[in-house]
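Q: what shape does this take:
(chains A and B)
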Protein chains: 2
Amino acid sequence: MKIVVAGLGIIGGSMAKALSKYTDHHICGVNRSPQPLRAALACGAVDEIGSTDSLADADVLILGIYPEAAVQFVRENAGKIRKGCIVADTSGIKSSIFPALEALAKENGFVFVSCHPMAGKEKNGFEVSDADLFCGASCILLPGSAPQKAVDTFAGLMRQIGFGKIVYSTPEEHDRMIAFTSQLPHAVACAYVMSPCCPKHGGFSAGSYRDVSRVANINAELWSELFISNRTSLLAEMDLFIEHITQIRDAVDKGSRQELAGLLHKGKLIKEELGE
Amino acid sequence: MKIVVAGLGIIGGSMAKALSKYTDHHICGVNRSPQPLRAALACGAVDEIGSTDSLADADVLILGIYPEAAVQFVRENAGKIRKGCIVADTSGIKSSIFPALEALAKENGFVFVSCHPMAGKEKNGFEVSDADLFCGASCILLPGSAPQKAVDTFAGLMRQIGFGKIVYSTPEEHDRMIAFTSQLPHAVACAYVMSPCCPKHGGFSAGSYRDVSRVANINAELWSELFISNRTSLLAEMDLFIEHITQIRDAVDKGSRQELAGLLHKGKLIKEELGE
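A: Next up is the predicted model:
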């Protein structure tokens, strides 16, 4: 197959590297700026530097582009995409872009399968992309109304490049879950490091600090798009979280060891039941 | 030297194992229940099962006991402790116990050096103790008015068992920093997992979920004692954190991408300046 990867940041770059490492498909890279393309060609992540004209005979198009920009890219190039081509975005939010991409697919005769690789790093760009980024990770697929055969082809590709698990979902469920599993931890990390104690933590910190603060090194532009595109679900999770941490705060304030232990014990039970 | 380790949980057990592995000192274990003592003797973590009578010729006494219980243990056995013995607690809070332990040391002729090993696991008990738990970790020492020679002896021991860094502090500074580096992340983790999405996270989660939720598997009894003993500092950190996450929440609510990106970018800058 000919696979075009458009957008060679950490996700697109890792997709290209993984596809080159683990499959025999022909990988063609497309990117706005030339630097990552040259790097990708030099290290063998892509077989060819392409352009939007490369979409004319692509079997698969993977979009490693920010959500709104992905919709814009597909809209602008819809006429160039080969009929029957499987087009997959890799965005971190779905409800706000899924209907537009599905409509474009129907109008233009290509197949849309949405995908969210549950893997990343606290750094960005092709430089930190990694052929093994997806090893063992979960891949969320949102097939929508795509034909089963295309979904199976795409899921097979994802398994080949190392994903340990394929989870099928809908845009609504995806966005609700991601608000909790991914967006809220990023908001928490940024709020956490704003304490004036943070710059002085060295020597006084260990795993707890490291873990809760890790993702504060955020791509602010991307994540503000993701947060606001998923406003309703994220606000619900943030409000719940603020309510729960305020309960813990109030128990500390009252000095009620029993009430506090009861609240903390809830956390313990939830993790224990999950076997974590 | 003869070193008595009283309280063979994860910290005391790891101290005993590390001292046995990395030094030639004679290690004597003391514990309320017999089970961990038998396990410690069987695996070579201690050379001898002792009792409070073992304190009579101890050169060093390390307390792996909850904070208030540590004060009580020392108070009850103060008369038995050899004059000149170095007594070190390993508690996670200091201001609320330091004056009592320092006074007991003066009255009874032993030397008090307070210590907080910045290492742990999200599980407890002798079963999960580990000779290499402290490898590379930071050891906070609060020498108070202890003679320099005793402080150097104890710091030397800590280096021998693997600590990568010794940081000297005061009870007040320690408690202020620990509220941020350790206690707040534990409160955050417990509040986080209380979302109804948590039990369904499988397949939708990756590193962000894993990291922020890790320490929710908490020893509720110990941590409610630690939280309430450090009420003032912890409340200050919790209030700041709630204020900052509420700012992020409000920017999401307003849909102001610029304001939100500005807030998230603060987090990025703080981590970048720390080189993390």
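
Q: where along chain A do the helices fall?
A: Here chain A has its helices, by DSSP state H, at A:10-22, A:34-42, A:67-77, A:98-108, A:148-160, A:171-178, A:184-193, A:207-213, A:220-229, A:231-254, A:257-273.

Q: pick the most deeply packed of those helices.
A: Relative to the other members of the helices of chain A, helix A:184-193 carries the highest mean neighbour count by mean count of other C-beta atoms under 10 Å in any protein chain shown, namely a mean of 27. Every residue, glycine included, has its C-beta placed from N, CA and C.

Q: name the residues that touch it?
A: Outside helix A:184-193, the residues within contact range by C-beta atoms under 8 Å, 6 or more residues apart in numbering or on different chains are A:198, A:212-216, A:218, A:223, A:227, A:234, A:237-238, A:241, B:184-185, B:188, B:192, B:195, B:208-209, B:211-212, B:241, B:244-245, B:247-249, B:263-264, B:266-268, B:270-271.

Q: the inter-axis angle of that helix versus helix A:231-254?
A: If you take axes from the mean of the first three to the mean of the last three C-alpha atoms, to 10 degrees, helix A:184-193 sits at 50 degrees to helix A:231-254.

Q: pLDDT of helix A:184-193, averaged?
A: In this model, helix A:184-193 has an average pLDDT of 98.

Q: how about the CA coordinates for that helix, as PDB?
A: Only the C-alpha atoms of helix A:184-193 are listed here, as PDB (Å, rounded to 0.1, in the frame of the first residue of the first chain):
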ATOM      1  CA  LEU A 184      -7.700  16.800  33.400                       C
ATOM      2  CA  PRO A 185      -4.200  15.500  34.200                       C
ATOM      3  CA  HIS A 186      -2.700  18.100  32.000                       C
ATOM      4  CA  ALA A 187      -4.700  20.900  33.600                       C
ATOM      5  CA  VAL A 188      -3.800  19.500  37.100                       C
ATOM      6  CA  ALA A 189      -0.100  19.400  36.200                       C
ATOM      7  CA  CYS A 190      -0.100  23.000  35.000                       C
ATOM      8  CA  ALA A 191      -2.000  24.200  38.100                       C
ATOM      9  CA  TYR A 192       0.300  22.200  40.300                       C
ATOM     10  CA  VAL A 193       3.600  23.600  39.200                       C
END
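
Q: next, name the residue at the spatial heart of chain A.
A: Centroid check for chain A by C-alpha atoms, centre = their mean gives A:Gly92 as the closest residue, at 4.1 Å.

Q: and it, what is it in contact with?
A: In this structure, A:Gly92 makes contact with A:67, A:116, A:178, A:182-183, A:226, judged by C-beta under 8 Å, 6+ apart.

Q: what's the closest of the helices of chain A to B:Ala18?
A: Proximity to B:Ala18, assessed across the helices of chain A by C-beta to C-beta, is greatest for helix A:207-213 (17.8 Å).

Q: so which elements touch the closest one?
A: The contact analysis (3 or more C-beta pairs under 8 Å, 6 or more residues apart in numbering or on different chains; DSSP states H and E) places helix A:207-213 against helix A:184-193, helix B:184-193, helix B:207-213.

Q: the first one to helix B:257-273, inter-axis angle?
A: Spelled out, it's helix A:184-193. Going by the same axes, to 10 degrees, helix A:184-193 is angled at 60 degrees with respect to helix B:257-273.

Q: now helix A:184-193: how far from the chain's centre is it?
A: Here helix A:184-193 is found 17 Å from its chain centre; the criterion is C-alpha atoms, centre = their mean, to the nearest Å.

Q: what's the angle from that helix to helix A:171-178?
A: 30 degrees.

Q: between helix A:220-229 and helix A:184-193, find me the angle.
A: Going by the same axes, to 10 degrees, helix A:184-193 makes 120 degrees with helix A:220-229.

Q: for A:Ile62, give me its contacts.
A: So, once contact is read as C-beta under 8 Å, 6+ apart, A:Ile62 ends up touching A:3-6, A:12, A:15, A:88, A:90, A:115.

Q: swap in A:Thr23?
A: When the contact criterion is C-beta under 8 Å, 6+ apart, the partners of A:Thr23 are A:157, A:160-161.

Q: list the contacts for the nearest residue to A:Arg159 once chain neighbours are set aside?
A: If you skip the residues right next to it in sequence, A:Arg159 has A:Ile166 as its closest partner in space, 6.9 Å away by C-beta to C-beta, 6 or more residues apart in numbering or on different chains. For A:Ile166, the contact set (C-beta under 8 Å, 6+ apart) comprises A:138-139, A:141, A:155, A:158-159.

Q: give me that answer again for 10 Å
A: Under the criterion of C-beta atoms under 10 Å, 6 or more residues apart in numbering or on different chains, the neighbours of A:Ile166 are A:115, A:138-141, A:151, A:154-156, A:158-159, B:203.

Q: widest-spaced pair of those residues?
A: The two members of these with the most space between them (C-beta to C-beta) are A:Gly156 and B:Gly203, at 18.0 Å.

Q: in this structure A:Leu263 contacts A:Glu243, no?
A: No - with contacts defined as C-beta atoms under 10 Å, A:Leu263 does not count as touching A:Glu243, sitting 11.8 Å away.

Q: number of residues surrounding A:Gly109?
A: Around A:Gly109 there are 12 other residues, counting by other C-beta atoms under 10 Å in any protein chain shown.

Q: per-residue confidence for the nearest residue to it once chain neighbours are set aside?
A: Here the nearest residue to A:Gly109 in space, its sequence neighbours aside, is A:Lys83; by C-beta to C-beta, 6+ apart that works out to 4.0 Å. On pLDDT, A:Lys83 comes in at 97.

Q: for the one 4 residues further on, same thing?
A: Confidence per residue is given as pLDDT, and for A:Val87 that number is 98.

Q: which residues does it contact?
A: For A:Val87, the contacting residues are A:4, A:6, A:55, A:58, A:60-63, A:70, A:74, A:77-78, A:81, A:101, A:104-105, A:108, A:110-114, A:146, A:150, A:154, taking C-beta under 10 Å, 6+ apart as the criterion.

Q: roughly how far is stretch A:252-268 from the heart of the chain?
A: In terms of C-alpha atoms, centre = their mean, the centre of stretch A:252-268 is found 35 Å from the chain centre.

Q: okay, and the beta partners of A:Val4?
A: Legend: beta-bridge partners of A:Val4 under DSSP bridges are A:Cys28, A:Leu61.

Q: what's the local residue count around it?
A: A:Val4: 29 surrounding residues under other C-beta under 10 Å.

Q: is it true that it touches A:Asp47?
A: No - with contact defined as C-beta under 10 Å, A:Val4 does not reach A:Asp47; the gap is 11.0 Å.

Q: now do the shared contacts for the two.
A: Common neighbours of A:Val4 and A:Asp47 (C-beta under 10 Å, 6+ apart) are A:16, A:26-29.

Q: neighbour-wise, which of those leads?
A: For the shared contacts of A:Val4 and A:Asp47, neighbours were counted using other C-beta under 10 Å, and A:Ala16 has the most, 30 neighbours in all.

Q: look up how far chain B lies from it.
A: In this structure, A:Ala16 and chain B are separated by 20 Å, where distance is defined by C-beta to the nearest C-beta, to the nearest Å.

Q: swap in A:Pro67?
A: Using C-beta to the nearest C-beta, one obtains 12 Å as the distance from A:Pro67 to chain B.

Q: now that residue, nearest residue through space, not along the chain?
A: A:Ser91 (4.1 Å).

Q: neighbours around that neighbour, how many?
A: Other residues lying near A:Ser91 total 28 when counted by other C-beta under 10 Å.
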